[in-house]
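1. Give me coordinates for this.
(one chain, ligands or ions: 2)
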Amino acid sequence: MEWTTTIDAPGKVCLMQGNEAIVRGAVEAGINFAASYPGSPSSQVLDMLGRIANERGFYAQWAANEVCALEACIGTSLAHARSLCIVKQNGLLICADALHCGAQHGAIGGIVVVTSDDPSAHSSTNEFDSRFMVESADLPMLEPTNMQEAKDLVPYAFELSEKLRQIVVIRLTTRVCHGRGNVVLGKLPEKPNPLRQVNEWDRLVCVSYRHTPMLQTLENFREEFEHCPYNHYEGPEHPEKLVVAGGTGCLYAKEALQRLGLEEKIGLLRLATVWPMPEALLLNYLKEAKSVLVVEEVDPFLEKGLQALAGKHQLQIHFAGRGDGGLPRIGELNPDVVMDAVRKLAEIPAPAGAAADGPEPLLERELNFCAGCPHRATFYLLKRALKRCSKEPGVVIGDIGCYIMSGQEAGHYIYQACNCMGSGINLAEGLGQLSNFGMRQPVVTMCGDSTFFHTALPGLLNASYYHSNMLMMVLDNSATAMTGFQPHPGTGLTAMGEQSEPMSIRAICESMGCRVTEADPFDVEGTQKILEELLPQPGLKVLIMRQPCATLMSKKQRKKRRVWVDQDKCIGNGCGCDRFCSRVWGCPGNSWDYEKNKAVIDPVSCVGCGVCAELCPAGAIKVEDGED
Ligand code: SF4
Ligand code: SF4
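-> Residues are numbered from 1 along each chain as shown. Ligands and ions are numbered 1, 2, ... in the order given. As a prediction, the model looks like this:
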């Protein structure tokens, strides 16, 4: 894929994914520095940048978290570096303080933040709309409507950032990140942007007296955006009906207008400059409009801005969009819902039987851990240990990673609370203090190895210093698995493929004064014993559950062990919990033979971990050969 990001062939047309187009734009802009923490839908951007960094002469880093990434970009700006920070919507929230302070001191070398939102929360816990964060920080924001703009807006954003000495944000959504489209390549610079020594009076200092200049900078961006070449209008000269669209909403709206033959009757204003809004440009089209449909992901951000603008100029306009019910209030847009909204705007009745025309709905399925995932064993054993060693039910607090599925059937509905990245330790720390005031339940939390480095460390320090009564489990599967196996400080690798001394989770915990135990979740008996010993003990305990991610192991192509069911021994429905292996344990490798009414192992899914064999009450599951 990367040849498209580094080939020097101006004018060549390439089919590119949105994330790839961002990388190409960064290379055309001659970036010096890029940093990110993995988060879908934009994890691939730094993956690709890391692979081409040496060739193109810049530095790329998977930072321990998004704050480290953004603040590193701000630091490099002092040396006139062009720096790109890539985050997802939750990551932008984590950066809130750095972003707001950054807006107040601005930039010297260009700083561009790419934030990717996830409408419908396909790979997130929420569908937060990052435009509100950017507005709150008084920063300018651009949003591409297609893959070409995803590339072109990156160099444009760097130019503006340096011209107006401010951080510029580019907002993407999942369909832009993962969709594909034609992109005309631009020229590549021979070398990255030249760096300069930091002068005595080069300053990036957040102080309150910078507030007024910051607001003036925002006004300067507004003036700049009035003439932005990436805002487009098409349609009648004096539109009475108008669609204003941002991001992928533009493509859906354009398609709807084309299919309904309304291109000459209804205007379409495609807005790449999301914030601050180019008021003069907008008023030019709003002043004649009677009805306006606003198409955007996810919240009614543009819609409210346009309503306020119309109100300020006493324009009588009916607005439809995500705020007034003209479009669904939540979830990702699609061509069909935008088509319906455009029909309503045009006052065209819906075709008869339209509602029944859609495809057959798919069966809904819950998310599940992969076959052989060590987390499945961890949560099963934890639930069993809590039942065995405490009269009171335990309180389990989750965190963010693959193991968030432990709140569902896959993890036996184990946790009571889950907030955001790195929060589990803090929720548990608070609860753990209540044991001194009458709360008798064991308190447990967990985080993955990547989350441990990301935001769990200050919480662990806090819990250790204040002697909270709780068990912290670090589910160390040697990977940032959920986003695609990006390296973190515990892996010994960097984004640019270099080696680095891996940080020891155990040593870090011990340096904070924690008592640390290690267990292997595939060692059913041993882990069960350790859990039952640790849970009743007072004080803070850390248990590191060590077993590599099943997907990571399958990539290593080791010879897997053969696991099979001796159906003569399988007692099926009578096995204690109604087909325990396939219905309760729930590994995708454990299946059911409906003809023989016995369990069976799916040899394609099974990775040979052998845990189901240890748990089968009849000893019917057999393991042979292979490597552990
Ligand atoms: S051995 Fe059992 S638990 Fe492990 S992957 Fe195979 S079917 Fe799943
Ligand atoms: S293989 Fe074991 S756990 Fe699975 S249904 Fe048969 S007896 Fe029950």
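2. can you list the domains in the protein?
-> The record's domain parsing of the chain by automatic domain parsing lists 3-225, 232-350, 374-555, 557-624.
3. okay if I get those as JSON lines plus mean pLDDT and mean neighbour count?
-> For the C-beta atoms, the positions are set from N, CA and C on the backbone; glycine is no exception. JSON lines is the format used below for the domains of the chain (pLDDT from 0 to 100; neighbours: other Cβ atoms under 10 Å):
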{"stretch": "domain 3-225", "mean pLDDT": "96", "mean neighbour count": "21"}
{"stretch": "domain 232-350", "mean pLDDT": "96", "mean neighbour count": "19"}
{"stretch": "domain 374-555", "mean pLDDT": "93", "mean neighbour count": "20"}
{"stretch": "domain 557-624", "mean pLDDT": "91", "mean neighbour count": "17"}
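4. Would you map the strands across the stretch 1-150 of the chain?
-> Assigned by DSSP state E, counting those that start in this stretch, the strands in the stretch 1-150 of the chain fall at 13-17, 33-36, 59-62, 83-88, 111-117, 141-142.
5. and the domains of the chain as CSV, adding distance to Leu367?
-> As requested, the domains of the chain are exported to CSV (distance: least, Cβ to Cβ, whole Å):
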stretch, distance to Leu367
domain 3-225, 10
domain 232-350, 18
domain 374-555, 5
domain 557-624, 11
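6. List just the one of the ones you listed that sits closest to ligand 2.
-> domain 557-624 (2.9 Å; Cβ to the nearest ligand atom).
7. Give me the three-state assignment for Met473.
-> Recorded secondary structure, Met473: strand (DSSP: H, G, I helix; E, B strand; the rest coil).
8. Tell me which residues touch the closest residue to it other than its chain neighbours, please.
-> Among residues not flanking Met473 along the chain, Met446 sits closest, at 4.0 Å (Cβ to Cβ, 6 or more residues apart in numbering). Residues in contact with Met446 (Cβ atoms under 8 Å, 6 or more residues apart in numbering) are 378, 396-399, 403, 424, 472-475.
9. Could you show which parts of the chain are in contact with ligand 1?
-> Neighbours of ligand 1 within the chain, by Cβ under 6 Å from any ligand atom: 371-372, 563, 587, 589-590, 601, 606-612.
10. at 5 Å what do you get?
-> Within the chain, the positions near ligand 1 by Cβ under 5 Å from any ligand atom are 371-372, 563, 587, 589-590, 606-607, 609, 611-612.
11. Name the SS class of the nearest residue to Asn368 once chain neighbours are set aside, please.
-> Excluding the flanking residues, the one nearest Asn368 by Cβ to Cβ, 6+ apart is Ala410, at 4.7 Å. Following three-state DSSP, Ala410 is assigned to helix.
12. wait, Ala410 sits on Gly586?
-> Yes. Here Ala410 reaches Gly586: they are 6.2 Å apart, a contact under Cβ atoms under 8 Å.
13. shared neighbours, those two?
-> Listed as contacting both Ala410 and Gly586 by Cβ under 8 Å, 6+ apart are 368, 376.
14. Okay, and Ser478 sits in which element?
-> Here Ser478 sits in a region with no helix or strand, counting by DSSP states H and E.
15. Actually, Gly261.
-> Counting by DSSP H and E, Gly261 is found in no helix or strand.
16. Minimum distance to ligand 1, which residue of this protein gives it?
-> For the chain, Cβ to the nearest ligand atom, closest residue to ligand 1: Gly589, 2.8 Å.
17. Skipping adjacent residues, who's closest to that residue in space?
-> The shortest distance from Gly589 to any non-neighbouring residue, by Cβ to Cβ, 6+ apart, is to Cys606 (3.3 Å).
18. Quick check: that neighbour touching Gly372?
-> Yes. With contact defined as Cβ under 8 Å, Cys606 counts as touching Gly372 (7.1 Å).
19. Same list, the contacts of Met446, but as JSON lines with distance to Ala72 please.
-> JSON lines is the format used below for the contacts of Met446 (distance: Cβ to Cβ, whole Å):
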{"residue": "Thr378", "distance to Ala72": "34"}
{"residue": "Val396", "distance to Ala72": "35"}
{"residue": "Ile397", "distance to Ala72": "31"}
{"residue": "Gly398", "distance to Ala72": "29"}
{"residue": "Asp399", "distance to Ala72": "24"}
{"residue": "Tyr403", "distance to Ala72": "28"}
{"residue": "Gly424", "distance to Ala72": "26"}
{"residue": "Met472", "distance to Ala72": "28"}
{"residue": "Met473", "distance to Ala72": "30"}
{"residue": "Val474", "distance to Ala72": "25"}
{"residue": "Leu475", "distance to Ala72": "28"}
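20. circling back: list the contacts for the residue of the chain closest to ligand 1?
-> Shown in contact with Gly589 (Cβ under 8 Å, 6+ apart): 371-372, 563, 601-602, 605-607, 612.
21. just to revisit the earlier point, mind putting the residues of the chain next to ligand 1 in TSV, secondary structure included?
-> Shown next, in TSV, are these (three-state DSSP):
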residue	secondary structure
Ala371	coil
Gly372	coil
Val563	strand
Cys587	coil
Gly589	coil
Asn590	strand
Cys606	coil
Val607	coil
Cys609	coil
Val611	helix
Cys612	helix
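22. Closest one to Gly430 out of the residues you listed, please.
-> Gly430 lies nearest to Val611 out of these, by Cβ to Cβ, at 33.3 Å.
23. Quick check: closest non-adjacent residue to that closest one.
-> Nearest to Val611 is Ala377, by Cβ to Cβ, 6+ apart, at 4.9 Å.
24. is the host helix or strand of the one you found up against ligand 2 anywhere?
-> Using DSSP H and E, Ala377 falls within helix 374-389. No. Helix 374-389 does not reach ligand 2 (Cβ under 5 Å from any ligand atom); its nearest approach is 12.6 Å.
25. Pull the distance from that helix to the chain's centre.
-> Offset of helix 374-389 from its chain centre (Cα atoms, centre = their mean, to the nearest Å): 28 Å.
26. by contact count, what packs against whichever helix or strand comes after it?
-> Sequence-wise, the next helix or strand downstream of helix 374-389 (DSSP H and E) is strand 395-397. Applying 3 or more Cβ pairs under 8 Å, 6 or more residues apart in numbering; DSSP states H and E, one finds that strand 395-397 contacts helix 424-433, strand 443-448.
27. Output the ones you listed as JSON lines; include the columns distance to Glu71.
-> Below are those laid out as JSON lines (distance: least, Cβ to Cβ, whole Å):
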{"stretch": "helix 424-433", "distance to Glu71": "22"}
{"stretch": "strand 443-448", "distance to Glu71": "22"}
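28. Tell me which of these lies nearest to Pro328.
-> Smallest distance to Pro328 across the helices and strands packed on strand 395-397 (Cβ to Cβ): 32.2 Å, for helix 424-433.
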